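Chemist: Pasted the sequence and its predicted model underneath.
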Amino acid sequence: MTVGYVSGSVAAGPNAGVTVHDRERAYQGLNLLVSGHGPEALLVDMDGRVLHSWRYDFETAWPERELPETAEDDEFWRRAFLLPDGELLAIFEGYGLIKVDSRSNLIWRYDGFCHHDLHIRDDGTIVVLEREPTIVPEVSGEDPILEDFISILTPDGELVRRISILDALKDSDYSVLLTEMEGGGDVFHTNTLEVLDGRLEDDCPSFAAGNVLISILKISTVAVVDLSQEKVVWALRGLWRYQHQPTILPNGRMMVLDNVAAPYVSRVLELDPFTQEIFWSYEGDVDGPFYTASCGSNQRLPNGNTLITESDNGRAMEVTPDKAIVWEFVSPYRAGEEGELVATLFEVVRLEPDLPLDWLPGD
């Protein structure tokens, strides 16, 4: 029982590649992207040139497992994380986690039903979202649900510990949020995970270093989980619907992608997580609308610009604080039986310009 994404849903347009590049105002770096076109991650420069790719298909990683017929669109990576030596972690949405080297050789696989997001801590341990089908009578009677977990793995992909997000909410002061769950199935759809660095701990102890910020889409909630207590210690909802990618910025504010700010309108918000004052937002305009019903991400760049992934439309854009688009990438990758759809662009991450590339294969 999994809930995945389609490889593409929007008709492909005439534009592809980098369509805007203001070299003076854009943050010059490299881009790591994953999309619905295949089980692959691409390292792309600011002009859209592919410098390197990693690829490994599900059937080769798990020859003993068979994807259900309903999962024909799931043969892609939902998220990837690049390590300094060119090794890469990749999530097959709802099916597992793999680690490959710079030449796409499999190093290890983890069979847990990983999904959406992961974080690598300084000691190399991996914190990843996981789910499994289960029956919880007090939630949905005899109907199964997908229960989400925060799983901790060793650097070699061995499971150390799992924390149930359902139990973490149930045992917290925020248990009333459970009344917002739908009856069965994917009751949470947790879609983001970020290990906190403690920069807000003096303002709120709930944001202590090592606690985990998560986004629970189905109840439109951003929450903090204390892993030692296995309990939700902070939560906020009401400013967004079906959000993605909450993150704590260097200035102590929180940024989050509000997927359904209005009908067919998405927006990125920068706000004070305690007073809920909004300091900055981006929602596009009539000439350049911004909307992604599913997925999407946002990343604050060192120069103050914001990189936004508009997943459904296969588009990423870098916008300045005054909301000018200074870099735009439209995916050239296609999906659909006839290649008529633009592949869902799950995430584009801007990497630092001095990223070591001595691991790049000579060929």
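Modeler: It's in. Since the model is a prediction, treat every value here as computed from it, not as a measurement. Numbering: from 1, shown residues only.
Chemist: Give me the distance between the two termini of stretch 226-235.
Modeler: 12 Å (C-alpha to C-alpha, to the nearest Å).
Chemist: nope, stretch 337-357 is what I was after
Modeler: 36 Å.
Chemist: With stretch 228-246 instead?
Modeler: End-to-end distance (C-alpha to C-alpha), stretch 228-246: 22 Å.
Chemist: heads up, I number from 37, so please use that
Modeler: All right, first residue 37 from here; so that's stretch 264-282.
Chemist: Enumerate the positions of it that are buried.
Modeler: 266-273, 275-276, 278-282 (16 or more other C-beta atoms under 10 Å). Using the backbone N, CA and C atoms, a C-beta is placed for each residue, glycine as well.
Chemist: does Val258 really touch Ile250, like I thought?
Modeler: Yes. Look at Val258 against Ile250 with C-beta atoms under 8 Å: they come within range, at 7.3 Å.
Chemist: So these two - more neighbours on which side?
Modeler: Ile250 (25 against 20; other C-beta atoms under 10 Å).
Chemist: So which residues of the chain form helices?
Modeler: Taking DSSP state H as the criterion, the chain carries its helices at 94-97, 173-176, 201-206.
Chemist: Sort out which residues of the second one are buried, please.
Modeler: By neighbour count, and taking 16+ other C-beta under 10 Å as the criterion, the buried residues in helix 173-176 are Val175, Ser176.
Chemist: for the last one, same thing?
Modeler: Along helix 201-206, these residues count as buried under the neighbour rule (16+ other C-beta under 10 Å): Ile201, Leu202, Ala204, Leu205, Lys206.
Chemist: Repeat that for stretch 318-337.
Modeler: 318-320, 326-328, 330-336.
Chemist: Which ones among the residues you listed map onto strands?
Modeler: Secondary structure defined by DSSP state E assigns Tyr318, Ser333, Asn334, Gln335, Arg336 of the buried residues of stretch 318-337 to strands.
Chemist: quick one: which of these is nearest His152?
Modeler: Of all these, His152 sits closest to Ser333, with 10.8 Å by C-beta to C-beta.
Chemist: residues near Glu194, how many?
Modeler: 11.
Chemist: With Lys359 instead?
Modeler: Residues near Lys359, counting by other C-beta under 10 Å: 14.
Chemist: cool, Pro120 as well?
Modeler: Pro120, neighbours per other C-beta under 10 Å, totals 9.
Chemist: And it, how far from Ser138?
Modeler: According to C-beta to C-beta, to the nearest Å, Pro120 stands 11 Å off from Ser138.
Chemist: could the helices of the chain be laid out in JSON lines, adding mean pLDDT and distance to Arg351?
Modeler: Output for the helices of the chain, formatted as JSON lines (pLDDT from 0 to 100; distance: least, C-beta to C-beta, whole Å):
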{"stretch": "helix 94-97", "mean pLDDT": "95", "distance to Arg351": "26"}
{"stretch": "helix 173-176", "mean pLDDT": "77", "distance to Arg351": "37"}
{"stretch": "helix 201-206", "mean pLDDT": "97", "distance to Arg351": "31"}
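Chemist: Any chance of these in CSV with distance to Glu129 as columns?
Modeler: Listed next are the helices of the chain as CSV, based on distance: least, C-beta to C-beta, whole Å:
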stretch, distance to Glu129
helix 94-97, 10
helix 173-176, 22
helix 201-206, 17
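Chemist: The ones you listed: which one's closest to Asn51?
Modeler: Per C-beta to C-beta, nearest to Asn51 of the helices of the chain: helix 94-97, 30.8 Å.
Chemist: Tell me how far the closest one lies from the chain's centre.
Modeler: Put simply, helix 94-97 sits 22 Å off its chain's centre (C-alpha atoms, centre = their mean, to the nearest Å).
Chemist: before we move on, what about stretch 45-61?
Modeler: That offset, for stretch 45-61, works out to 21 Å (C-alpha atoms, centre = their mean).
Chemist: how long is it from one end to the other?
Modeler: Start and end residues of stretch 45-61 are separated by 32 Å (C-alpha to C-alpha).
Chemist: Excluding its own residues, what touches stretch 77-96? List them.
Modeler: Stretch 77-96 has contacts (C-beta atoms under 8 Å, 6 or more residues apart in numbering) with 53-54, 57, 59, 62, 64-70, 74-76, 101, 103, 110-111, 113, 116, 118, 124, 126, 128, 131, 134, 136, 138, 140, 142, 363, 365, 368, 387, 393, 396-397.
Chemist: and with 6 Å instead?
Modeler: 53-54, 64, 66-70, 75-76, 111, 116, 124, 128, 136, 140, 396 (C-beta atoms under 6 Å, 6 or more residues apart in numbering).
Chemist: Filter those residues down to the ones in strands?
Modeler: Per DSSP E, the subset of these in strands is Gly53, Val54, Leu66, Asn67, Leu68, Leu69, Val70, Glu76, Ala116, Leu124, Phe128, Val136.
Chemist: Of those residues, which is the most crowded?
Modeler: Counting neighbours by other C-beta under 10 Å, Phe128 comes out on top of the ones in strands among the contacts of stretch 77-96 with 28 neighbours.
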